[in-house]
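> Okay, predicted coordinates and the sequence, questions at the end:
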Amino acid sequence: VLSFIIFICYIASLAASFMMAPLLEFLLALFLFFAYASKLNEKFKGLYWPLMDFLRCVTAAIIYFAISIAAVSKYNDGASKAAGVFGFIATIVYAIDFYITFNDLVTFLKQGSSDSPEGHKSEDEDSDSDSD
């Protein structure tokens, strides 16, 4: 929702050249929302969904921070200032989402490493030494 509001603000402002970043972020967030809602993440196990969400959050936070600084400092109209302020708010929101997603990604990767053959091999060796 915040990306869509920023997109509308950039359309109404003199900084209309920045409108593509919030539009793409809005569409990407919408895609991931519907992918999780329709459980595509369970159907396509080959994709690392937490990693995709993590990368989306990181890039969105960086891009929103950069274009917000440019919109607030370079343009003087109210819509550009509003888009910049909403962009800074979006940067904070994506940074929080980045932190939460990072914790989910670490948990996801730990689950993957416990399924690795190396983990089973060391457990087998421990059980062999216990039986001696």
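Perfect, thanks for sending it.
> residues in contact with the residue most central in space within the chain?
Closest to where the C-alpha atoms of the chain average out (CA atoms, centre = their mean) is Cys57, at 2.3 Å. Contact analysis of Cys57 by CB atoms under 8 Å, 6 or more residues apart in numbering lists 94-95, 97-98, 101. Bear in mind the C-beta positions are built from the backbone N, C-alpha and C, glycine included.
> Find the nearest non-adjacent residue to it, please.
Phe98 (4.1 Å; CB to CB, 6 or more residues apart in numbering).
> got the buried residues for the helix or strand hosting the one you found?
Using DSSP states H and E, Phe98 falls within helix 78-114. Neighbour counts over helix 78-114 (16 or more other CB atoms under 10 Å) mark 79-84, 86-88, 90-91, 93-95, 97-98, 101, 105 as buried.
> One more: stretch 37-56?
Quick answer for stretch 37-56 (16+ other CB under 10 Å): 41, 49-50, 52-54, 56.
> Out of those, the closest to Leu109 would be?
Distance to Leu109 across these (CB to CB) is lowest for Pro50, with 8.3 Å.
> Check the contact between that closest one and Asn103; I expect there is one.
No - Pro50 lies out of contact with Asn103 (CB atoms under 8 Å); the separation is 9.7 Å.
> for the record, mean pLDDT for the host helix or strand of Ala71?
Assessed by DSSP H and E, Ala71 sits inside helix 49-74. Per-residue pLDDT over helix 49-74 has a mean of 88.
> looking at this protein, which helix or strand is least sure?
Every helix and strand in the chain was compared by mean pLDDT, DSSP states H and E; the lowest is helix 117-131, with a mean of 48.
> on that earlier part again, so how far is the helix holding Phe98 off the chain centroid?
Remark: helix 78-114 is offset 5 Å from the chain centroid, using CA atoms, centre = their mean, to the nearest Å.
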